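A.B. asks: Pasting a predicted model and its sequence here:
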Amino acid sequence: MDIINNLAFGFEHALTVQNLMYCAIGCVVGTLIGLLPGLGPLSTISLLLPLTYSIPTDGSLIMLAGIYYGAQYGDSVSAITMKIPHAASIVACIDGYQMTLNGKTGLALFTAGISSFIGGTVAIVVLATLSPLLGEVGLMFGPADYCALMLFGFFCVSFVTTGSILNGLAMTLIGILLGSIGTDVNSGQMRFTMDLPFLMDGIGLISVALGCFGIAEIVKNLDNHSEITPFNGEIKLMPTWPEFKRIIPSALRGSVIGSVMGILPGGGPVLAQFAAYAAEKRFSKYKDEIGHGAIEGVAGQAAADEAAARTSFIPLMSIGIPENAVMALMMAAFIVKGVQPGPNMIATHPDLFWGLVASMWIGNVFLVILNVPLVRYWLSVFKIPFSVLFPSILFFCCVGTFSINNSLDDVYITATFGLIGYMFMRLGLEAAPLMLGFILGPMLEEYFRRALLLSRGNFGTFFTRPISGTLMALIGIFVAWQLIAFFLESRKPKAA
Amino acid sequence: MNNLNFVRGLFLVAISLLFGLTSFNYKMGDFSRAGPGLFPLVISILLFLIGLASVIRSRFVTPVPIDYNFKNILIIIVSLAGFAYISEHVNMIAGIIVLVFVASYAGQNNSMVRNVKIAAGLLLVACGFKYLLHLNLPII
């Protein structure tokens, strides 16, 4: 009954007027920006991160979490109504948009809303049960184990986000190198600063994130010359009882799949959606309809999406290692606020931890209210043309970077990273692993040096300890499998 | 030359050399007592190997042409830099105007009236940030 006590304690903190307000603002703003073309959760969080600096710790984290799952949800609304292919909700485009074509937009949105609610609720139970347990495991981790875990995470993220492990790893490594710019903590040596004083503290996280995600995304949209046609159809929200009955089992299946996929390294919402959709295709009673606008095709993935968005907080808050790029940004937000996420977080900041967990459920309720009865108002966002939108987004990027240090130098750095991010994009290199590498790089170096100091330079320490040994073995299997795939693929065109 | 895989490989090699060669300027130490240069060097070597692998591999797979268009990105960069420069030396009102008008060249239909409206709207937002949220923006 510990969980109930803890959750009650959390709700006490989350239900203050102030925190409720921050949660509501986070959900509204997240949904709003998530709806906009080209801006997914990553760009939304990096855009709004600076604005939370002046808010109290618990409020700002609650708000950021709200922004994250709000953006995740807003994304699926634009996917269902207009098939805007966002990275964050590709799967919703399949059956959701098909339902719109069949004239069932309202039903699709209702299904997505309710399933997300179910998914979020299941995930919070998982989060509340598992985090403290995993936190205890986290306490057994030594420097070598942390190193191995981070490496394992890099491999998984590279593979999941890009499909090509080489490109993903390359981006992670570039991220680590960018992260090493600035003063070396152990020796005080300036590294790669080119004697520029504003690089002494390293490159600002916000500059990198806004450049690679905000500005590069805007330019990509400008290059595409695509004007979207706003959705103007009828929306009839309430489902009939037999329709409603079809939502529940799929949503429950999706919630479980999403919760598991959210915890795995490199996992997260995107992977969870695909897994849940595949599961529905196989196990649903109506599997023949999936792909042609079936309720199950929307319910399963929407539940998995929201569930994974919440359980992906587990590795961050219990072990202290973010498992994907969004969580890496969240980790940065925690650290800015003076909270070190990790095994000790629950013990040292119980109010913050349980308050955040409880706020996620409150956010769930907000999202349902916002998105089910009010959804038609949201859709008017699309009536704003992109040519009005993008100068405003650029301005917000500028204010965001400026307000961190009250320095306009940071705007130049952001612009530079916009150019670099654009080049990466055109070269087919995904920026998400770079972000993870950038944030974890300094930590990896620290643990790497500490592990080798403890073992007197003996690399065996990474392989002989049980935890790191297991992780290293998994990486080995992964690499071997990739090498085989690599050679097979290289041969294909010759044979053809 | 217009081969995405090949250029990507070269790009990665270039970055690895940039960081790798610079790290020789810093003390290396040894693995039991790593100096500041050691870790970046290790990472650069790994990146170099990946870049090399990409270059070699590009010889064996069908070439993919690069799709690029530097016009829009350069306009956006100039507008951001212009915003920073003008805001620093004149004030942010002028900065916003520069930002909106330069950036609008990247759009498809450029309209004077609309730009004025956007700039006015953003100025209002900026005032809101300064006087309601107490951000320290150099508006005037």
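C.D. replies: Structure received. Residues are numbered from 1 along each chain as shown, chains lettered A, B, ... in the order given.
A.B. asks: With adjacent residues omitted, what lies nearest to residue A:101?
C.D. replies: Spatially, and ignoring its direct neighbours in sequence, residue A:101 is nearest to residue A:293 (7.0 Å; C-beta to C-beta, 6 or more residues apart in numbering or on different chains). Glycine gets a C-beta too; all of them are placed from N, C-alpha and C.
A.B. asks: Same question for residue B:101.
C.D. replies: Nearest one to residue B:101, counting by C-beta to C-beta, 6+ apart, is residue B:115 at 5.5 Å.
A.B. asks: Can I take it that the one you found is in a helix?
C.D. replies: Yes: Residue B:115 sits within a helix when classified using DSSP: H, G, I helix; E, B strand; the rest coil.
A.B. asks: That one and residue B:105 touch, don't they?
C.D. replies: No: contact status for residue B:115 versus residue B:105: not in contact, 10.2 Å apart, counting by C-beta atoms under 8 Å.
A.B. asks: The two - which one has more neighbours?
C.D. replies: residue B:115 (20 against 13; other C-beta atoms under 10 Å in any protein chain shown).
A.B. asks: contacting residues around the more buried one?
C.D. replies: A:391, B:100, B:101, B:104 (C-beta atoms under 8 Å, 6 or more residues apart in numbering or on different chains).
A.B. asks: Mind pulling up the pLDDT for the third one?
C.D. replies: The one in question is residue B:101. Looking at residue B:101, its pLDDT is 90.
A.B. asks: name the element it belongs to?
C.D. replies: helix B:92-103 (DSSP states H and E).
A.B. asks: Show me what that helix packs onto, helices and strands only.
C.D. replies: Packing partners of helix B:92-103 (3 or more C-beta pairs under 8 Å, 6 or more residues apart in numbering or on different chains; DSSP states H and E): helix A:386-405, helix B:70-89, helix B:112-131.
A.B. asks: Any stretches of the chain with poor pLDDT?
C.D. replies: By default, I'm working from chain A. A:1, A:37-38, A:83-89, A:161-163, A:225-235, A:266, A:490-496 (pLDDT under 70).
A.B. asks: Sorry, I should have been clearer: chain B.
C.D. replies: B:1.
A.B. asks: Over in it, which residue gets nearest chain A? Let me know.
C.D. replies: residue B:32 (3.2 Å; C-beta to the nearest C-beta).
A.B. asks: Show me the domain layout of chain B.
C.D. replies: For chain B, the structural domains run B:4-58, B:70-131, going by automatic domain parsing.
A.B. asks: Need the outlier residue of chain B, farthest from its centre.
C.D. replies: residue B:32 (36.7 Å; C-alpha atoms, centre = their mean).
A.B. asks: Need the three-state assignment for the closest residue to it other than its chain neighbours.
C.D. replies: Take residue B:32 and drop its neighbours on the chain: the residue closest to it by C-beta to C-beta, 6+ apart is residue A:457, 3.2 Å away. Applying three-state DSSP to residue A:457 yields a three-state assignment of coil.
A.B. asks: Would you agree residue A:457 is in contact with residue B:31?
C.D. replies: Yes: in this structure residue A:457 lies within contact range of residue B:31 using C-beta under 8 Å: 3.8 Å.
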